[in-house]
Structures are given as C-alpha cells and as structure tokens.
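# Predicted coordinates and the sequence they were generated for:
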Amino acid sequence: MTNGQLNYLRMVLVENGFLGLAGSLAIWGSNTFAVTARGNVMSIFGQIMTNAGLTEEDLHGNTTNKMDLWEQAAEMGVHMNIGTKSWAENKTPADPVLAAAMHYVLSDLDRGAIQEVLVSLNFILGKVSLIPVLELPNVNILPAEIVTFTSQIAALTLANPQYRIGQIVKKAANSDIASQFVLLRGAMGKQDNLIHTYRYTQKIFVEGYDNGRKIIDLGKGMKTAEAMLHPLEHVAWFKDKYLPKDTLTLRNHSVLGSVKVFVSDGTTVPATGGYVLAPDSEIKLEIPGDLGGVFGHNVIVESLSATDDIHITGILASGKSASKAPSPPLT
C-alpha cells in the first residue's frame with residue numbers, strides 16, 4: 001500500500017477508538033444509523049487489512065501452505081533448541097560445547113534462505129535426539145513433539161514453490177485494495193455526516209471526532225509510533241530518525257493521565273526539561289526547539305500517572321507538519 005493509504009487506515013483506527021470511548025458511546029451509541037455506519041467502516045477496514053496481509057508476504061518461491069509449514073517448523077525448532085540447551089547445561093557431566101551450539105532464536109529460523117533454514121532445523125533435530133527419553137520431561141519436551149518436528153521438516157522440504165501463483169494472488173489483492181479504499185472513503189463519509197448531526201448539541205464531541213480526521217494527514221516523509229504506557233512507564237521512539245526542525249505531533253488519548261516528552265541521547269528519562277501533555281489533548285512540537293535541551297537521538301515519552309494506563313500516539317514529520325494540532329503557546 002502507499003504511504004497515503006496507510007495514513008488513511010491509521011486515521012480510521014483513531015476514529016474508531018475515539019467513538020469507542022465511554023463518553024463517546026454515551027452520545028451516539030443508541031443511534032442505529034451511526035452503529036450501522038461504524039460497522040460498515042470497520043468491515044471494509046478488515047477486508048483491506050486481509051488483502052494487505054497478502055501483499056506483504058514474501059511470495060518468492062513460496063505458497064501460503066509453505067509459509068505456514070515454515071512458521072510451524074520454526075516455532076517447534078526454537079522449542080527443541082531451548083530444551084536441548086537446558087539438557088546440555090544440566091546433565092551429568094554438563095556438555096558446554098553442545099549448549100553453546102544451541103543458539104538459535106526464531107529470527108534465525110523463520111526467514112532467510114529456505115535451504116539454510118532446513119540445515120539448521122535438521123541440526124536441531126539431530127541434537128534433540130541425543131536426549132534420553134526418560135530425561136525429556138526435565139526439559140518439557142514430549143516424544144510426540146519430536147515426531148511432529150520430524151514431520152514438519154519433511155513436509156517443509158517437500159513443499160513445492162509456486163511463484164507464479166503467488167504473483168497472481170498478490171496482483172488480485174492489490175486490485176481489491178484499490179476498489180475497497182473507494183468503498184471505505186464512502187463509508188467514512190456516511191459516518192462523518194451522522195456524527196456531524198450532533199454538532200449543535202455535542203460540539204466538543206464533534207470537534208474531537210474532526211481532530212481525529214485531521215491529525216493523520218501530515219504529508220510526506222512521516223513516521224508513526226504508538227504505545228500503551230503503564231503507570232510511570234516510559235518508551236523511547238524514533239532513534240536516529242529525525243533532524244532539527246522536524247515536527248513531532250503527540251496525541252494523548254487517555255482522559256486521566258498526563259505524559260512528558262523529551263529528546264535525549266539515551267533511552268532513560270532525563271532529569272530535567274521536557275514538555276507535559278495534558279490528558280485527552282494533542283500538541284505539535286518542533287524538535288528540539290519546543291522540547292528544550294541539546295538535540296538527542298531519541299524521543300522519550302514518560303507516563304506521569306501513578307494509577308492509570310495511558311494510550312499515546314506520536315507522528316514524526318520531516319520539516320514542517322500540516323497537522324492541525326496546536327503548537328505550544330509563545331513564552
């Protein structure tokens with residue numbers, strides 16, 4: 001999908017979340033027209049995401065069946081690797097050489113050249129077979145799992161690549177996405193009209209909805225991040241992904257807790273500086289000017305709430321941003 005299409009989908013998710021807030025539902029939740037309109041929007045959204053999944057797969061030499069077999073074998077391979085490593089470390093006498101050889105993680109086994117992965121899977125199978133049957137329970141491996149792992153490797157080895165079939169599916173999925181975006185825009189238009197019928201009596205609610213429609217459309221060269229922060233937790237975003245004068249738009253979706261945002265060379269919360277964003281609000285900040293301090297390599301977002309989770313979204317735009325969020329007041 002294009003960057004514009006992805007931005008539009010993010011906007012749909014933001015709006016869906018806004019409409020799902022308890023305060024919002026109290027306003028529109030009994031309106032059968034609005035309920036139907038929202039359902040239509042999310043139904044089309046789901047269809048687009050299904051087709052987008054098809055276009056994101058690595059289809060070179062793989063059928064969907066082969067990808068499923070690969071994923072299953074990789075997950076079982078990690079399980080066998082961990083069990084064998086534990087057995088090597090704890091048996092009498094210990095076998096440090098075998099323990100060191102069992103170094104595989106999921107990223108080693110679920111991607112890359114299939115032939116290299118098959119070599120690794122067969123290596124793991126050979127080593128797990130060294131564990132005596134009576135000692136398998138000590139490392140939480142079942143004999144039946146070893147049989148399954150053997151079958152998975154055999155099936156993956158025999159899976160026939162069908163690149164042309166994959167290409168046809170990918171082309172069809174892209175075609176469906178284009179037509180479904182037309183339907184999605186129409187469905188969003190109907191939803192907009194129904195929500196705007198509340199403008200006279202529920203002005204703040206409608207303004208919140210309209211803000212969600214605007215914030216995602218930030219132009220080219222943007223990056224997004226999202227987090228659900230637990231009390232007093234923090235995250236580090238956009239490492240080495242921004243330059244001075246770039247624009248950061250933050251939205252605090254939570255209605256109870258505030259957050260504080262910094263720029264920093266590290267990933268820990270700085271002792272000074274930063275900008276506080278109040279609950280249920282958004283702000284557009286220039287990096288690093290509006291945040292103060294020396295230009296750093298990370299954006300740090302910290303929850304200031306000791307009791308509530310906080311949902312926070314960040315959108316980074318290259319240079320000036322078209323976001324309608326307010327900038328900090330002049331001081």
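Thanks, I have the structure now.
# Give the next helix or strand downstream of the least confident helix or strand in the chain by mean pLDDT.
Lowest by mean pLDDT, DSSP states H and E among the helices and strands of the chain is helix 163-196, with a mean of 74. Where DSSP states H and E defines the elements, the next helix or strand beyond helix 163-196 is helix 203-215.
# Give me the contacts around that following helix.
By CB atoms under 8 Å, 6 or more residues apart in numbering, the surrounding residues in contact with helix 203-215 are 11, 14-15, 18-19, 23-24, 27, 192, 195-196, 198-199, 249, 251, 282, 315, 323-325. From N, CA and C alone the C-beta is placed, and that goes for glycine too.
# can you check stretch 68-82 too?
Defining contact as CB under 8 Å, 6+ apart, one finds that stretch 68-82 is touched by 62, 102-106, 109-110, 114, 117, 120-121, 124-125, 128, 139, 141, 145-146, 148-149, 152-153, 155-156, 159.
# so where's this protein shaky on pLDDT?
1-4, 6-7, 50-66, 159-175, 214-222, 292-295, 322, 330-331 (pLDDT under 70).
# Let me know the secondary structure of residue 268.
Following DSSP: H, G, I helix; E, B strand; the rest coil, the label given to residue 268 is coil.
# Got phi/psi on it?
Torsion angles at residue 268 (phi, psi; degrees, to the nearest 10) stand at phi -100, psi 160.
# For it, give me its contacts.
Counting by CB under 8 Å, 6+ apart, residue 268 touches 234, 300.
# From residue 228, how far off is it?
Using CB to CB, to the nearest Å, residue 268 is found at 20 Å from residue 228.
# swap in residue 179?
34 Å.
# neighbour-wise, which of the two wins?
When neighbours are counted by other CB atoms under 10 Å, residue 179 and residue 228 differ, and residue 228 comes out ahead with 13 against 9.
# beta partners of the more buried one?
residue 311 (DSSP bridges).
# Report how many residues lie close to residue 275.
Neighbourhood size, residue 275 [other CB under 10 Å]: 17.
# That one touches residue 290, doesn't it?
Yes: contact criterion CB atoms under 8 Å: residue 275 and residue 290 qualify, at 6.4 Å.
# tell me, what's touching these two both at once?
Contact with both residue 275 and residue 290 is made by residues residue 328, according to CB under 8 Å, 6+ apart.
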